[in-house]
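Asker: With the sequence up front, the predicted model follows.
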Protein chains: 2
Amino acid sequence: MVEITKEMLEQLLEDKDVRKIIEIFDEYNIVDLAEIVNELSLGSTIDLMRILPSIHGGELFSYLDINLQKGILDALDPQRIKMIMDQLFSDDIVDFLKELPDQIQQKVMDSIEASDKQEIHTLLSYEENTAGAMMSTDFVELAQEDTIEKAMKKIKAQRKIAETVNYCYITDTHGVLVGCISLRDILFAPSNSLIGDVMENDVISVKVNEDQEEVTRTIQKYDFTIVPVVDPSNRLVGVITFDDVIDVIQEEATEDIHKMGGIMPVEDSYLNASPLTMAKSRLVWLLVLMVSYVISSLIITKNNELLTLVPSLITFVPMLMSTAGNAGSQSSAMTIRAITVDDLTMKDFPKVFMKELGVAAICGAILCVVNTLRIVLFVDGMGLDIAITVSLTIFFVVILSKLLGGFLPLFALSIKQDPAAMASPLITTAVDVLSLLVYFTLARVFLGV
Amino acid sequence: MVEITKEMLEQLLEDKDVRKIIEIFDEYNIVDLAEIVNELSLGSTIDLMRILPSIHGGELFSYLDINLQKGILDALDPQRIKMIMDQLFSDDIVDFLKELPDQIQQKVMDSIEASDKQEIHTLLSYEENTAGAMMSTDFVELAQEDTIEKAMKKIKAQRKIAETVNYCYITDTHGVLVGCISLRDILFAPSNSLIGDVMENDVISVKVNEDQEEVTRTIQKYDFTIVPVVDPSNRLVGVITFDDVIDVIQEEATEDIHKMGGIMPVEDSYLNASPLTMAKSRLVWLLVLMVSYVISSLIITKNNELLTLVPSLITFVPMLMSTAGNAGSQSSAMTIRAITVDDLTMKDFPKVFMKELGVAAICGAILCVVNTLRIVLFVDGMGLDIAITVSLTIFFVVILSKLLGGFLPLFALSIKQDPAAMASPLITTAVDVLSLLVYFTLARVFLGV
């Protein structure tokens, strides 16, 4: 197959070669075509949207950049907008509707069919990050008394085809979810059997107000491509597909990584976020941590006398603080991620404690030995007493830091705070203070000052 | 529906109530049942596997913990093992085969059908983290000259049903992938039409030696539930389903988070990894960083004279180093994640540079002002010259740290290294040294020492 380029498409639009353009959209994958269309001018894209049959137009529209979408909706007449909207899944409509200026939003809402309008309004009303805000209302609903033949007709009648067609859901007269059946099972059931007899009764669903993280857990646990969503009375209200779940998983990982780096979550992508937005998301932690270092300064000031007597002590402070910080953030990184993927909770604390203690004892002991050797062998004029002070400080500080790094995320979880907030910057600050205290205490003991 | 408990299942096994047990496995979701079975003793599980019809046995087996799987394979006779293996997808067999001791591995291989054995051997030969190592060889393969009726028969003949049945792939006589078709489209095509006339020609596939990250990008980009895998001659050799892709996405995020926390990747889950394994994965960075602090110590020693003249200078060192570290790791966290999700590359460096510069200038200026006020207002006996020295150091150090934090991950990518390795610990160390250099230089200028 010939590769389609931006220039080819532009030429065809200029030549108004409608037949050839439609042929291309029949043949090629829409995601690849959308990538090319996203590089066209707004004018050319509007021309294209006027030419394309609604099925291709709708598909293409859903893959375009939001700015092109806005321009298209602004330019097209209500009749054509309606044709596009009819092709879109309700969750996709809701997604871009939120981004539109009021006036264009109104134009779109006016062009949507009355029955769909109600659905869109309901979908818009769900709280962010819940199943309701993720779900689509496009699904195939069957009744237990449907014959296979009737079920096939219902499936065929589903305008918007996608993954959602591979599973059908069965509801009773009150709309309560009672079963599910795969397209394959419908296909191979005897044509005179009733859906109620061939469906699966044990249908797993999620609640409409459930958090999106719970939804991703359910989809992952059962390896579903699609999961039904029910209201508090167990009535079927929507479906969520795996592709939305993949998006949520990526978002959550991004949020965790940002929080662990000491950044408040930013909605926009890196290249789209303005420097001011990004500065705001980073300033909070920088300020908090800068000011909290008053404590470290105070500790150093308080030990000024000791430092004047043994000036070389100060040269080890950066290394001690940094080792403590690294040891602590290693443990918190592992625990935070384990909470997400292995469902670690506060009840696992004894296990985490023992594990971190074991790891810390091994790491601490080795660092302690290496450091003693390094000082004794390579640093001129440094007494063994100082070497021992520094090395023992490392040993104790690694243990304290690792225990704290393992504990704080679990503690945050248990008081219903985000474990990822208990990450590097906070832990680094805490263990820095600890390491100074341990260091000066040991120094007084071993140096007899 | 009544909830099934561990005790119920144990009682039924004791009573040898085969009929009731099979009824439960007919009715309930296998993932939920597997959760209960995972808590049974090995003996009970083996009894259960002897009772269950092969379809349920195979399904259940694939959801059991590896230790139960080992025990079952050790206890069952080859005939029954064959029945279970016949139900499993080839990629699942390969996954647990790798974990088995040689002797049980041999027993399993002996019980697999000759044709499957060849497939398993081939799958085992693919390099880790490639499409080949992720894929399954269970897919429906059609020919262009198949009628819809014949296609339906081929689909029905597919022993192992799953998502893989919702898409069929069409190959020519040489096995070259030429098209694909959804189950739904087969269902609604006229029964006398040929597959070649109704299939999609533009079929997206991944190469068998492609990296798993590329595979996840393809699945995400096209919103596929399944993607075909081809060899270098474009012959269809397997399929990869979305659930394996979700696992990869989670794994990659875990790896990035661990690397950013200064930990080498660990294969086992947090609770399963031994303290020794974990200590090893953490020691490398701790040692490297501890020893690299020799540079910081040297810088402090070199400036001993300055510190003796103005002893209060040293009290700001922890704050300066930590602010630099935090500023740098914020930037590296954002860039590393943006490389993964927004496909940032070295060619975006000018944008990243300008963005980080803008963010750093805003953050640096605010931190500078706040710090000056804090010192002047709250710290007794500290001259304005020292306040200005410290505050200006913060300003410059924030800018340097953010530029370095933004640049290093991109640089790593451009020399084909893992961007996540350029994370917190490394950047912290680098900017610590920088901040000391800037600090002492500015101090000499402003304090006229």
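Answerer: Noted; the coordinates are in hand. Numbering: from 1, shown residues only, chains lettered A, B, ... in the order given.
Asker: pLDDT score assigned to A:Val397?
Answerer: pLDDT, A:Val397: 94.
Asker: Please state the offset of the one helix or strand it maps to from the chain centre?
Answerer: Element membership for A:Val397, per DSSP states H and E: helix A:384-414. In terms of C-alpha atoms, centre = their mean, to the nearest Å, the centre of helix A:384-414 is set 31 Å apart from its chain centre.
Asker: Identify each buried residue in it, please.
Answerer: Of all the residues in helix A:384-414, those buried under the rule 16 or more other C-beta atoms under 10 Å in any protein chain shown are A:386-410, A:412-413. All C-beta atoms are positioned from the backbone trio N, CA, C, and that covers glycine.
Asker: So which elements touch it?
Answerer: Using 3 or more C-beta pairs under 8 Å, 6 or more residues apart in numbering or on different chains; DSSP states H and E as the contact criterion, the elements in contact with helix A:384-414 are helix A:317-342, helix A:349-378, helix A:424-447.
Asker: What segments of the stretch 151-300 of chain A are strands?
Answerer: A:167-171, A:177-182, A:206-207, A:226-230, A:236-241 (DSSP state E, counting those that start in this stretch).
Asker: winner for burial among those strands?
Answerer: Comparing the strands of the stretch 151-300 of chain A by mean neighbour count (mean count of other C-beta atoms under 10 Å in any protein chain shown), strand A:236-241 ranks first with a mean of 25.
Asker: what packs against that strand?
Answerer: Where contact means 3+ C-beta pairs under 8 Å, 6+ apart, strand A:236-241 is packed against helix A:131-134, strand A:167-171, strand A:226-230.
Asker: okay if I get these as TSV plus distance to B:Val291 and mean pLDDT?
Answerer: Formatted as TSV, these follow (distance: least, C-beta to C-beta, whole Å; pLDDT from 0 to 100):
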stretch	distance to B:Val291	mean pLDDT
helix A:131-134	49	92
strand A:167-171	58	94
strand A:226-230	51	95
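Asker: Is it possible to get TSV of the ones you listed that adds distance to B:Asp380?
Answerer: Below are the helices and strands packed on strand A:236-241 laid out as TSV (distance: least, C-beta to C-beta, whole Å):
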stretch	distance to B:Asp380
helix A:131-134	54
strand A:167-171	72
strand A:226-230	62
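Asker: quick one: which of those is nearest A:Leu298?
Answerer: helix A:131-134 (47.6 Å; C-beta to C-beta).
Asker: Which helix or strand lies directly C-terminal to that closest one?
Answerer: Following helix A:131-134 in sequence order, the next helix or strand is strand A:140-142 (DSSP H and E).
Asker: How about that following strand and chain B, any contact?
Answerer: No: Strand A:140-142 lies out of reach of chain B by C-beta under 8 Å from any C-beta of the partner chain, never closer than 10.5 Å.
Asker: That strand: which residues count as buried?
Answerer: When neighbours are counted by 16+ other C-beta under 10 Å, the buried residues of strand A:140-142 are found to be A:Val140, A:Leu142.
Asker: ok, now stretch A:208-217?
Answerer: Those would be A:Val208, A:Glu210, A:Gln212, A:Val215, A:Thr216, A:Arg217, for stretch A:208-217 by 16+ other C-beta under 10 Å.
Asker: ok, so of these, who is nearest chain B?
Answerer: Chain B has its nearest neighbour among those in A:Thr216, at 8.5 Å by C-beta to the nearest C-beta.
Asker: And the pLDDT for that closest one?
Answerer: Confidence score, pLDDT, at A:Thr216: 90.
Asker: Just the terminal-to-terminal distance for stretch A:137-149.
Answerer: 24 Å (C-alpha to C-alpha, to the nearest Å).
Asker: now it, how far from the chain's geometric center?
Answerer: In terms of C-alpha atoms, centre = their mean, the gap separating the centre of stretch A:137-149 from the centre of its chain is 33 Å.
Asker: Tell me who's in contact with A:Leu142.
Answerer: Going by C-beta atoms under 8 Å, 6 or more residues apart in numbering or on different chains, A:Leu142 touches A:Ala151, A:Lys154, A:Cys168, A:Tyr169, A:Ile170, A:Thr171, A:Ile181, A:Ile195.
Asker: got a markdown table for those, with distance to A:Val237 too?
Answerer: Converted to a markdown table, the contacts of A:Leu142 look like this (distance: C-beta to C-beta, whole Å):
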| residue | distance to A:Val237 |
| --- | --- |
| A:Ala151 | 21 |
| A:Lys154 | 18 |
| A:Cys168 | 16 |
| A:Tyr169 | 11 |
| A:Ile170 | 15 |
| A:Thr171 | 10 |
| A:Ile181 | 19 |
| A:Ile195 | 20 |
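Asker: Among the buried residues of stretch A:208-217, name the ones in helices.
Answerer: Under the assignment DSSP state H, the buried residues of stretch A:208-217 contribute A:Gln212, A:Val215, A:Thr216, A:Arg217 to helices.
Asker: These: which two are farthest apart?
Answerer: A:Gln212 and A:Arg217 (9.8 Å).
Asker: can you list residues touching both of those two?
Answerer: Contacts common to A:Gln212 and A:Arg217, judged by C-beta under 8 Å, 6+ apart, are absent.
Asker: rewinding a little: pick the most deeply packed of the helices and strands packed on helix A:384-414.
Answerer: By mean count of other C-beta under 10 Å, the helices and strands packed on helix A:384-414 have helix A:317-342 as the most buried, with a mean of 27.
Asker: angle of that helix against helix B:424-447?
Answerer: Between helix A:317-342 and helix B:424-447, the angle comes out at 150 degrees (axes from the mean of the first three to the mean of the last three C-alpha atoms, to 10 degrees).
Asker: right, is helix A:317-342 up against chain B?
Answerer: Yes: Helix A:317-342 lies within reach of chain B by C-beta under 8 Å from any C-beta, at A:317-319, A:321-323, A:325-327, A:329-330, A:332-338, A:341-342.
Asker: So for that helix, mean pLDDT?
Answerer: Mean predicted confidence for helix A:317-342 is 85.
Asker: Before I go, just wanted to say thanks for your time.
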